[in-house]
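>>> pasting the sequence and the predicted model now:
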Amino acid sequence: MADLFEAAGLTPHAPSPLAERLRPQTLAEVVGQDHLLGPDGAIGRMAQARRLSSMILWGPPGTGKTTIARLLAKAAGYEFMQLSAVFSGVADLKKAFEQARARRAAGQSTLLFVDEIHRFNRAQQDGFLPFVEEGIVTLVGATTENPSFELNGALLSRCQVFVLKRLDEDALTSLLAKAEAAEGRALPLDANARHALVALADGDGRYLLTLAETLFNIGSAKPLDTKELGQVLQKRSPAYDKDREGHYNLISALHKSIRGSDPDAALYWLCRMLDGGEDPLFIARRLIRAAAEDIGEADPMALVLANAAKDTYDFLGSPEGEIALAQLVVHLAAAPKSNAVYVAYKAAMKAARETGSLSPPAHILNAPTRLMKDLGYGKGYAYDHDAPEGFSGQNYFPDGMGRKKFYDPKGDGVEARIKDRLDRWAELRERRGR
């Protein structure tokens, strides 16, 4: 066999990837997850007690989910079994459960690690329940997706969910130091390029080590600057799933930044979504909603401009049309805010559902026939244009329903003038006994 390796120019012990060689050997060596693995962390306490509960590890790629599961089994003295929901089916699950049952009969506990557990369908997820309940396996599932969306409630109720954080700059920097120690040489980067490399990893430790290995392999004679680093390494696509949680998190961040009157943050989230490949018309729809819901009558033109920006993008497409969305985002974020119409609409809808059988008062009903006139339709109607100050103050609510106040203007922007008018009309209504 050795001759075959030599003939191919290989050795039987070809080196493994840098990320694999630097895989932590104890939980204490895992970086960036001290909130879970430290002495006071939930998982750290389990390891110390050597008694594990089933759990779901939820976090971005490259944050140590697989490593933590493997080391947790080692620390607690459990047998480690690994399956991937991408490659495993019902037969693989049955085999794993049978083996775990046999180990349990022999007094050995089993930690079953399921990578990408959210890819199992609902029926497959239900298949775990009896084995988790009986303690035949301690389940550790790993997912990059929000478990509350992707996993059965029954399975979630039997597992603790632990959130892993994307690795921060300190954690990533410590990984680079370990990589350099393992290689016995420094990365061929100047200070700015080194900082750019950490930013390029975007919180993913495994990806950072893959990039570092590429740089070690090129063997540059002189340190690379940021421009040269960019020529060697390709920009990573942003982690953004348009049909999953990232989609909803970022559009929520954009909307709330607008509501919070922060145009800079709103522009940032807009660009994050556009750079991630989001459909600009999806963004435009949310911006139209924000114009109606959060700006409202404080700046009535906001809704007009929102529709204009949508039409502009529809006409120009990308990238030119994206400027119209950026202009709209700034306008909405910088505009005076009022949700008074939104609040009034919800209150009025509630009242309408509670009193949906009440008829309008007779004096505001049309009377196109003599019978309707004889019944009093339209009798006593006051034509507001002929009333003093153009306001009659008549009651327009149904008979049997007291007057309600749904709309309470905030008094900012254009709505300040509306508030003044409504206050004056309320005064006239009271004075005229209406």
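Good, I have the coordinates.

>>> just the helices in the stretch 51-200 of the chain please.
Assigned by DSSP state H, counting those that start in this stretch, the stretch 51-200 of the chain shows helices spanning 65-76, 90-105, 122-126, 129-133, 147-150, 153-156, 169-183, 191-201.

>>> mind listing what's buried along the fifth one?
Of all the residues in helix 147-150, those buried under the rule 16 or more other CB atoms under 10 Å are 147, 150. Yep, even glycine has a C-beta here, placed from its N, CA and C like the rest.

>>> quick check: which element contains the residue nearest in space to the middle of the chain?
Centroid-nearest residue in the chain, with CA atoms, centre = their mean: Asn249, separated by 2.4 Å. Taking DSSP states H and E as the criterion, the element that holds Asn249 is helix 245-259.

>>> list the buried residues in that helix.
Quick answer for helix 245-259 (16+ other CB under 10 Å): 246-247, 250-251, 253-255, 257-259.

>>> export it as CSV, just CAs?
Output in CSV follows, covering the C-alpha atoms of helix 245-259 (Å, rounded to 0.1, in the frame of the first residue of the first chain):
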residue,chain,number,x,y,z
GLU,A,245,-34.5,33.7,10.1
GLY,A,246,-31.8,36.1,8.7
HIS,A,247,-34.4,37.4,6.3
TYR,A,248,-36.8,38.3,9.1
ASN,A,249,-34.1,39.5,11.5
LEU,A,250,-32.6,42.0,9.1
ILE,A,251,-35.9,43.4,7.8
SER,A,252,-37.0,43.8,11.5
ALA,A,253,-33.7,45.7,12.2
LEU,A,254,-34.3,48.0,9.2
HIS,A,255,-37.9,48.7,10.3
LYS,A,256,-37.0,49.4,13.9
SER,A,257,-34.0,51.6,12.9
ILE,A,258,-36.4,53.7,10.9
ARG,A,259,-38.9,53.8,13.7
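
>>> in terms of secondary structure, what does that helix contact?
helix 263-275, helix 280-290, helix 320-334 (3 or more CB pairs under 8 Å, 6 or more residues apart in numbering; DSSP states H and E).

>>> can we see that at 10 Å?
Contacts defined by 3 or more CB pairs under 10 Å, 6 or more residues apart in numbering; DSSP states H and E place helix 245-259 against helix 147-150, helix 263-275, helix 280-290, helix 320-334.

>>> following the chain past the longest one, name the next helix or strand.
Downstream of helix 320-334, the first helix or strand assigned by DSSP H and E is helix 340-354.

>>> which element follows that following helix toward the C-terminus?
Trace forward from helix 340-354 with DSSP H and E and the next one is helix 370-374.

>>> next one: that next one to chain centre, how far?
With CA atoms, centre = their mean, to the nearest Å as the basis, helix 370-374 stands 61 Å off its chain's centre.

>>> after it comes which helix or strand?
Downstream of helix 370-374, the next assigned helix or strand under DSSP H and E is helix 415-431.

>>> low-confidence regions, the protein specifically.
1-15, 234-246, 434 (pLDDT under 70).

>>> got the domain ranges for it?
According to automatic domain parsing, the chain comprises the domains 33-163, 169-232, 245-334, 358-431.

>>> straight-line length of the longest one, end to end?
It stands for domain 33-163. 9 Å (CA to CA, to the nearest Å).

>>> count the neighbours of Thr110 for me.
Residues lying near Thr110 (other CB atoms under 10 Å) number 23.

>>> just send the helices of the stretch 51-200 of the chain back as a markdown table, with distance to Gly376 too.
As requested, the helices of the stretch 51-200 of the chain are exported to a markdown table (distance: least, CB to CB, whole Å):
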| stretch | distance to Gly376 |
| --- | --- |
| helix 65-76 | 75 |
| helix 90-105 | 74 |
| helix 122-126 | 61 |
| helix 129-133 | 68 |
| helix 147-150 | 57 |
| helix 153-156 | 58 |
| helix 169-183 | 77 |
| helix 191-201 | 76 |
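
>>> ranking those by burial, who's on top?
helix 65-76 (a mean of 21; mean count of other CB atoms under 10 Å).

>>> please save the CA atoms from that one in CSV.
Extracted in CSV, the C-alpha atoms of helix 65-76 (Å, rounded to 0.1, in the frame of the first residue of the first chain):
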residue,chain,number,x,y,z
LYS,A,65,-21.1,23.1,17.8
THR,A,66,-19.6,19.7,16.7
THR,A,67,-16.5,20.2,18.8
ILE,A,68,-18.5,21.0,21.9
ALA,A,69,-20.7,17.9,21.5
ARG,A,70,-17.6,15.7,21.0
LEU,A,71,-15.8,17.1,24.0
LEU,A,72,-18.9,17.0,26.1
ALA,A,73,-19.3,13.3,25.6
LYS,A,74,-15.6,12.8,26.4
ALA,A,75,-15.8,14.9,29.6
ALA,A,76,-18.9,13.1,30.8
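
>>> in terms of secondary structure, what does it contact?
helix 34-37, helix 42-49, strand 55-58, strand 79-84, strand 110-115, strand 138-143, helix 205-218.

>>> tell me the angle it makes with helix 42-49.
Counting by axes from the mean of the first three to the mean of the last three CA atoms, to 10 degrees, helix 65-76 points 30 degrees away from the direction of helix 42-49.

>>> pretty sure Leu305 is touching Ala334, no?
No: using CB atoms under 10 Å, Leu305 is not in contact with Ala334; the gap is 11.9 Å.

>>> list residues touching both of the two?
Jointly contacting Leu305 and Ala334 under the rule CB atoms under 10 Å, 6 or more residues apart in numbering are Asp299.

>>> between the two, who's got more neighbours?
Using other CB under 10 Å, the more surrounded residue of Leu305 and Ala334 is Leu305, with 21 against 13.

>>> Throw the helices and strands packed on helix 65-76 into CSV and include distance to Phe282, thanks.
Below are the helices and strands packed on helix 65-76 laid out as CSV (distance: least, CB to CB, whole Å):
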stretch, distance to Phe282
helix 34-37, 34
helix 42-49, 37
strand 55-58, 25
strand 79-84, 32
strand 110-115, 31
strand 138-143, 25
helix 205-218, 28
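
>>> sec struct for Ser318, please.
Of the three states, Ser318 takes coil under DSSP: H, G, I helix; E, B strand; the rest coil.

>>> what about the closest residue to Leu250 other than its chain neighbours, neighbour count?
Leaving aside its sequence neighbours, Leu250 sits nearest to Met273 (CB to CB, 6 or more residues apart in numbering; 5.1 Å). Using other CB under 10 Å, Met273 has 25 other residues around it.
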